[in-house]
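Participant: Sequence isn't available, so here's the structure alone:
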Ligand SMILES: [Zn+2]
Ligand SMILES: [Zn+2]
């Protein structure tokens, strides 16, 4: 059955149970309400936790609309390319990735003296050019967006903790996934994706972290670990090197603005 006939059936069964008469569950009204709120992510989080029905509407429609409003260029890139670029984990996971820094706990290859809690971000810049620095040469045709590192100062170590996140387009068909599978890399025990809950590969364990990744972040080589989940979300941590004022001319960190997407929450 096609998805549109599925949708029709769903709408019909909603009408039968009287749901379509209830304003708050009328999808058109919901979209208009959220449009007037400029798709505020906090309000949508609260609305989606009110009832299962609202949660279902959010999952099917509202998270997608929010992502399109907040990150139009990035969403269009991530979903272009036909069925091969199916968005792993859905739009609710993408929305969380756009707005939420997942914090950091010690992992097999990266130790912190105390965990850094996750938190919402007011603004994050994602870059496709940055993403390239995280791909091995043979996986260079993959498309990956990576955020600038969120800086978490630590009291007891000289360097700051940098926490970053990202997302692949069409991860199922990507060269990176192909590489992980062909190398027989196992999924990492005890690490789940903070965005969709799925299991992850450690790119550090898989030896798939190019030197350019640490350079890009402004981290020491070897002081970086990141994970990619089976749905193509990436999250990781590094120790950021404090730059003196005359070190700021690193061309590698400069971007072509066309490849960027700054995601803001709120007006
Ligand atoms: Zn953070
Ligand atoms: Zn995930």
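Facilitator: The structure has been received and is ready for your questions. Quick caveat, the model's predicted, so the values are computed rather than measured. Ligands and ions are numbered 1, 2, ... in the order given.

Participant: got the residue ranges for the strands in the stretch 151-267 of the chain?
Facilitator: 160-168, 200-202, 219-229, 233-240, 260-264 (DSSP state E, counting those that start in this stretch).

Participant: Now find how far off-centre stretch 98-110 is within its chain.
Facilitator: A distance of 12 Å separates the centroid of the chain from that of stretch 98-110, by CA atoms, centre = their mean, to the nearest Å.

Participant: Can that stretch be said to contact ligand 2?
Facilitator: No: using CB under 5 Å from the ion, stretch 98-110 never reaches ligand 2; the gap is at least 10.4 Å. The C-beta positions use only the backbone N, C-alpha and C, and glycine is treated the same way.

Participant: And the contacts of that stretch?
Facilitator: The contact list for stretch 98-110 (CB atoms under 8 Å, 6 or more residues apart in numbering) reads 41, 67, 70-71, 112, 115-121, 124, 126, 150, 152, 161, 163, 165, 188, 191, 194-195, 202, 204-205, 223-225, 227, 235, 237-238, 263, 265.

Participant: Just the buried residues of that stretch, please?
Facilitator: Within stretch 98-110, the residues that count as buried by 16 or more other CB atoms under 10 Å are 98-104, 107, 109-110.

Participant: Write out the residues of the stretch 1-150 of the chain neighbouring ligand 2.
Facilitator: Going by CB under 5 Å from the ion, the residues of the stretch 1-150 of the chain near ligand 2 are residue 89.

Participant: Could you list the low-confidence segments of the stretch 1-150 of the chain?
Facilitator: The model of the stretch 1-150 of the chain has pLDDT under 70 over residues 1-24, 83-84.

Participant: Taking it, what residue is nearest to ligand 2?
Facilitator: Of all residues in the stretch 1-150 of the chain, residue 89 sits closest to ligand 2, at 4.8 Å by CB to the ion.

Participant: What segments of the stretch 1-150 of the chain are strands?
Facilitator: Taking DSSP E, counting those that start in this stretch, the strands of the stretch 1-150 of the chain run over residues 100-101, 119-120, 123-127, 144-147, 150-152.

Participant: thinking again about what came up before, just say which of the strands of the stretch 151-267 of the chain is most tucked in.
Facilitator: Ranked by mean neighbour count, the strands of the stretch 151-267 of the chain are led by strand 233-240 with a mean of 26 (mean count of other CB atoms under 10 Å).
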